[in-house]
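Undergrad: Pasting the sequence and the predicted model now:
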Amino acid sequence: MGDLERVPVGVIGASGYGGVQLVRLLTDHPKLELAYLGGDSSAGQEYSSLYPHLGHQVQQMIEPIDLEKIADRCQAVFLSLPNGLACKMAPTLLEKGCKVLDLSADYRFSDLDTYTHWYGLERDDREVAETAVYGLPELYRDRIAEAQLVGCPGCYPTASLMALSPLFKQGLVLTETAIVDAKSGTSGGGRQPKTGLLLAEADNSLGAYSVAGHRHTPEIEQICSDLAGHEVLVQFTPHLIPMVRGILATVYATLRDPGLVREDLLTIYGAFYRNSPWVKLLPGGVYPQTKWAWGTNLCYIGVEVDPRTNRVIVMSAIDNLMKGQAGQAIQCLNLMMGWEETLGLPKLSFYP
Ligand SMILES: NC(=O)C1=CN([C@@H]2O[C@H](COP(=O)(O)OP(=O)(O)OC[C@H]3O[C@@H](n4cnc5c(N)ncnc54)[C@H](OP(=O)(O)O)[C@@H]3O)[C@@H](O)[C@H]2O)C=CC1
Ligand SMILES: CC(=O)N[C@@H](CCC(=O)OP(=O)(O)O)C(=O)O
């Protein structure tokens, strides 16, 4: 397919970690082309001056954010910005006919009061927000395909929900028993400088943060509740781990049926994800490693049952910048365009 037939897309927030992954992936995508790179403090700079390793493929400048210009040039726009900005931009882009994929939390919540409570930001775009679809293709593939506005999940919710969803959809576990213990690499905190993400602070150390109050908790609960058909509470504890990329979520929950064994769970997970090309369900006794997912859009899942405690233990590993962010957004756009959801996305890790 020649360049003229490619669909022009824009990335706003192109200088950030989500932005650079989008740019990397879009330069290799067979049906999409980069038509606009937008930024704030980085506007006016050559993209290659920020990311020299992409210089041989990306010769564009980062431009100031001009929504009219973006809508003129692009059929779809990725918003990879801090929370509270996409909700100011998406309504205009949608009105002008663009498809919008937001990587922030702005369009993830079906109840905006929940968003305001957890993010401390008031909203005046309720009608637009009601049209947003939660961008986890393994759960909402058909709705994403019809959407104009997709609220892409957070990195922790993606890893957590990939492990939890079959349990709640099939009613396999006692409702209030689900615990998510998750570990993230430092790129999860973005490119903006933060003291806790300095090498001197994060290296050789492992610790929990935002215990009993991380803002990804209501997002995980919203989707589990949707799947279960009733309100679900989840205990979610994130940890920062001294590596750059990757999330491992280990999920624990008590089984309703004490007779279930690992093979039963593997059969159920296999059926649940049978049409999901980005899910790799591991055989019994094999547990995922984050490095297997490095640079790919894959989610590796391992399942175990402990008959002694009657708990199921599910481990899910992703690259937070890929399946947890930019890769998943492109997976969603592929669906919105009616293409294979695997198009243009790397399938093999660079793990040695
Ligand atoms: N990192 C991760 O693993 C994940 C992040 N997310 C979410 O994705 C979004 C992007 O995250 P990430 O890429 O890590 O963030 P970064 O901090 O790496 O990048 C933020 C981007 O936003 C731009 N920006 C900042 N302030 C403004 C502003 N006032 N107006 C316009 N643009 C602005 C920056 O532009 P400039 O440099 O030009 O100022 C930069 O391009 C966030 O909402 C984050 O929560 C979701 C899933 C995973
Ligand atoms: C390591 C680290 O700091 N991770 C971030 C995850 C950020 C993220 O995914 O942002 P959203 O809120 O847009 O989903 C955090 O815990 O806040």
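TA: Done, it's in. Numbering: from 1, shown residues only. Ligands and ions are numbered 1, 2, ... in the order given.

Undergrad: Contacts only, for the closest residue to D66 other than its chain neighbours.
TA: Leaving aside its sequence neighbours, D66 sits nearest to G38 (C-beta to C-beta, 6 or more residues apart in numbering; 8.0 Å). Backbone N, C-alpha and C define where each C-beta goes, glycine included. Applying C-beta atoms under 8 Å, 6 or more residues apart in numbering, we find G38 in contact with 10-14, 62-66, 70.

Undergrad: Adding neighbour count, pLDDT and distance to ligand 1, write the residues you listed out as a markdown table.
TA: As requested, the contacts of G38 are exported to a markdown table (neighbours: other C-beta atoms under 10 Å; pLDDT from 0 to 100; distance: C-beta to the nearest ligand atom, whole Å):
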| residue | neighbour count | pLDDT | distance to ligand 1 |
| --- | --- | --- | --- |
| G10 | 27 | 98 | 13 |
| V11 | 32 | 98 | 9 |
| I12 | 30 | 98 | 7 |
| G13 | 28 | 98 | 4 |
| A14 | 28 | 98 | 6 |
| I62 | 25 | 98 | 7 |
| E63 | 20 | 98 | 10 |
| P64 | 11 | 98 | 9 |
| I65 | 19 | 98 | 6 |
| D66 | 13 | 98 | 12 |
| I70 | 23 | 98 | 12 |
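
Undergrad: In the stretch 151-300 of the chain, which residue sits nearest ligand 2?
TA: Residue nearest to ligand 2 within the stretch 151-300 of the chain: G154 (2.5 Å; C-beta to the nearest ligand atom).

Undergrad: wait, what's in contact with that residue?
TA: 105, 108, 216, 219, 324 are the contacts of G154 under C-beta under 8 Å, 6+ apart.

Undergrad: who wins for neighbours among these?
TA: In terms of neighbours by other C-beta atoms under 10 Å, the contacts of G154 top out with G324 at 31 neighbours.

Undergrad: picking up where we left off before, any idea what the residue nearest to D66 is bridged to?
TA: Counting by DSSP bridges, G38 forms beta bridges with I12, E63.

Undergrad: can you tell me how far it sits from L161?
TA: 29 Å (C-beta to C-beta, to the nearest Å).

Undergrad: Okay, strands next: where are they in the stretch 51-200 of the chain?
TA: All strands of the stretch 51-200 of the chain, identified by DSSP state E, counting those that start in this stretch, fall at 76-79, 99-102, 133-134, 149-151, 179-184.

Undergrad: Columns distance to ligand 1, mean pLDDT and mean neighbour count on top of these, output as JSON lines?
TA: Converted to JSON lines, those look like this (distance: least, C-beta to the nearest ligand atom, whole Å; pLDDT from 0 to 100; neighbours: other C-beta atoms under 10 Å):
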{"stretch": "strand 76-79", "distance to ligand 1": "8", "mean pLDDT": "99", "mean neighbour count": "28"}
{"stretch": "strand 99-102", "distance to ligand 1": "8", "mean pLDDT": "99", "mean neighbour count": "26"}
{"stretch": "strand 133-134", "distance to ligand 1": "13", "mean pLDDT": "98", "mean neighbour count": "22"}
{"stretch": "strand 149-151", "distance to ligand 1": "11", "mean pLDDT": "99", "mean neighbour count": "27"}
{"stretch": "strand 179-184", "distance to ligand 1": "7", "mean pLDDT": "98", "mean neighbour count": "22"}
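
Undergrad: could I get those strands as a markdown table with distance to ligand 2?
TA: Listed next are the strands of the stretch 51-200 of the chain as a markdown table, based on distance: least, C-beta to the nearest ligand atom, whole Å:
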| stretch | distance to ligand 2 |
| --- | --- |
| strand 76-79 | 11 |
| strand 99-102 | 9 |
| strand 133-134 | 12 |
| strand 149-151 | 10 |
| strand 179-184 | 4 |
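
Undergrad: got JSON lines for these, with distance to N310 too?
TA: Shown next, in JSON lines, are those (distance: least, C-beta to C-beta, whole Å):
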{"stretch": "strand 76-79", "distance to N310": "44"}
{"stretch": "strand 99-102", "distance to N310": "40"}
{"stretch": "strand 133-134", "distance to N310": "31"}
{"stretch": "strand 149-151", "distance to N310": "36"}
{"stretch": "strand 179-184", "distance to N310": "14"}
